[in-house]
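*Asks:* Structure for this input, please:
(chains A and B)
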There are 2 protein chains.
Amino acid sequence: MQYKPGLHLLLNIKTSSVNELSLSLSWKNFIADQISKFKLTTVGEAFHEFEGGGFTAIHGLTESHVSIHTWPEYNYCTCDIFLSNYKNENSNIVKEIGKAVVDFYKSTDFEWKEIER
Amino acid sequence: MQYKPGLHLLLNIKTSSVNELSLSLSWKNFIADQISKFKLTTVGEAFHEFEGGGFTAIHGLTESHVSIHTWPEYNYCTCDIFLSNYKNENSNIVKEIGKAVVDFYKSTDFEWKEIER
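*Replies:* From the prediction side, this is the model:
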């Protein structure tokens, strides 16, 4: 039987929340709250702020990863949420965090793609 | 016009290369070579080795990210390669690295999913 780790959600988000696209600070607080709320475990993180605005953040989790890349000049970001079900069934948590990310960016124009891996 | 950052490749790989699934050292060397070969820029990395074998590695790049999660007990790993075209057209590099990852794991049984974001 082929192992199927879990659900990977890819979000492409259009947003007018330029402050939340430009600097990573509010994202850091937001995602730390989500990771805590759903009892996920961070094993490593990396952040990069681009000159002129925009950032990349990647969050390694025992359950897999969350990533975000922002382009404030295009009112745009991409976010990935991939959680394996190795120890717990996490598919609903992937979707809950996805909804929270869309709310965080106050977006009404986004692509939501679920891939079972 | 909607901004389209670039190509995201999702690989699900079945492999008998248990050593390369168990410890991250050879992956670290392999991916560092790829990042150098294609003149990509690392902005942060995170690694986690699981007790009993298997690892997670995420590589933040100015061009976006590479991630890998391995499950040696299932002869399995998932790898993501996502490079934006902000400064250069990187779609072919995504595919070149993807082919190199499949070769690295000597896999003949893998899923290759290209998503234009």
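
*Asks:* Low-confidence bits of chain A, can you list those?
*Replies:* Along chain A, segments meeting pLDDT under 70 span A:1.

*Asks:* any idea where the helices of it begin and end?
*Replies:* Using DSSP state H, the helices of chain A run over A:18-22, A:25-37, A:91-104.

*Asks:* Turn the ones you listed into a markdown table, columns for mean neighbour count and distance to B:E20.
*Replies:* Using the backbone N, CA and C atoms, a C-beta is placed for each residue, glycine as well. Shown next, in a markdown table, are these (neighbours: other Cβ atoms under 10 Å in any protein chain shown; distance: least, Cβ to Cβ, whole Å):
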| stretch | mean neighbour count | distance to B:E20 |
| --- | --- | --- |
| helix A:18-22 | 17 | 37 |
| helix A:25-37 | 15 | 29 |
| helix A:91-104 | 18 | 27 |
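
*Asks:* Tell me which of those lies nearest to chain B.
*Replies:* Nearest to chain B, of all the helices of chain A, is helix A:18-22, at 11.7 Å by Cβ to the nearest Cβ.

*Asks:* ok now that closest one, how far from the chain's centre?
*Replies:* In terms of Cα atoms, centre = their mean, to the nearest Å, the gap separating the centre of helix A:18-22 from the centre of its chain is 15 Å.

*Asks:* Then stretch A:62-77?
*Replies:* 6 Å.

*Asks:* quick one: it near chain B?
*Replies:* Yes. Stretch A:62-77 reaches chain B (Cβ under 8 Å from any Cβ of the partner chain) through A:62, A:64-65, A:67, A:69, A:71, A:74, A:76.

*Asks:* Contact residues of chain A facing chain B?
*Replies:* Residues of chain A lying near chain B (Cβ under 8 Å from any Cβ): A:2-3, A:5, A:8, A:10, A:12, A:14, A:43-48, A:50, A:56-62, A:64-65, A:67, A:69, A:71, A:74, A:76, A:78, A:80, A:82, A:84, A:86, A:113, A:115, A:117.

*Asks:* Now A:Q34. Nearest residue, chain neighbours left out?
*Replies:* A:I97 (5.2 Å; Cβ to Cβ, 6 or more residues apart in numbering or on different chains).

*Asks:* burial measure for A:G44, as a count.
*Replies:* By other Cβ atoms under 10 Å in any protein chain shown, 17 other residues sit near A:G44.

*Asks:* List the residues that contact it.
*Replies:* By Cβ atoms under 8 Å, 6 or more residues apart in numbering or on different chains, the contact set of A:G44 is A:60, B:45-48, B:56, B:58.

*Asks:* Dump those to TSV, plus neighbour count and distance to B:S26.
*Replies:* Below are the contacts of A:G44 laid out as TSV (neighbours: other Cβ atoms under 10 Å in any protein chain shown; distance: Cβ to Cβ, whole Å):
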residue	neighbour count	distance to B:S26
A:G60	25	19
B:E45	20	15
B:A46	20	18
B:F47	17	13
B:H48	18	16
B:T56	24	15
B:I58	27	17
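
*Asks:* Just those: which are in strands?
*Replies:* Residues of the contacts of A:G44 located in strands (DSSP state E): A:60, B:45-48, B:56, B:58.
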